[in-house]
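Undergrad: here's a sequence, model it:
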Amino acid sequence: MANLANALIDHNQVYEAPVIVVPHEQWTEYPLAVVVPLEATKLSAEELGEYLSGNFAKWRLLDAYEFVDELPRTSTGKF
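TA: Numbers count the residues shown, from 1 in each chain. I've put the predicted structure just below:
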């Protein structure tokens, strides 16, 4: 799996999951996964972290996940 976003999409309870960069006090910027779970599923950051840990080095794993119902899009369908 090449990147975190693609790996998250492969999870059977994830509909969409772009990984974006947000400001961070210590590191200047840090990755955040914005996760849209499939309807009627209960996902946790811990579950996704465990799922990713089998395919990525520990230093590449995410510390932050934001769970949302849907992602905002432009008129052309971009995030």
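Undergrad: helix or strand right after the lengthiest helix in the chain?
TA: Counting by DSSP state H, the longest helix found in the chain is helix 45-53. Per DSSP states H and E, the first helix or strand lying C-terminal to helix 45-53 is strand 65-67.
Undergrad: just how off-centre is that next one within its chain?
TA: In this view, strand 65-67 has its centroid 7 Å away from the chain centroid, taken as C-alpha atoms, centre = their mean, to the nearest Å.
Undergrad: same deal with stretch 56-68?
TA: Relative to the centre of its chain, stretch 56-68 is centred 7 Å away, using C-alpha atoms, centre = their mean.
Undergrad: what mean pLDDT would you report for it?
TA: For stretch 56-68, the mean per-residue pLDDT is 91.
Undergrad: residues in contact with it?
TA: Applying C-beta atoms under 8 Å, 6 or more residues apart in numbering, the external contacts of stretch 56-68 come out as 1, 4, 7, 19, 22, 30-37, 43, 45, 48-49, 52-53. Any C-beta I mention is one placed from the backbone N, CA and C, and that applies to glycine too.
Undergrad: so among those residues, which ones count as buried?
TA: Those of the contacts of stretch 56-68 that meet the buried threshold are 4, 7, 19, 31-37, 43, 48, 52, by 16 or more other C-beta atoms under 10 Å.
Undergrad: in helices only, show me those.
TA: Counting by DSSP H, the part of the buried ones among the contacts of stretch 56-68 found in helices is 4, 7, 48, 52.
Undergrad: tell me the least confident of the residues you listed?
TA: On pLDDT alone, Leu4 ranks lowest of these, at 91.
Undergrad: let me know whether that one touches Pro31 as I believe.
TA: Yes. Applying C-beta atoms under 8 Å, one finds Leu4 in contact with Pro31, separated by 7.0 Å.
Undergrad: now for those two: what residues contact both?
TA: Common neighbours of Leu4 and Pro31, using C-beta under 8 Å, 6+ apart, are 19, 62.
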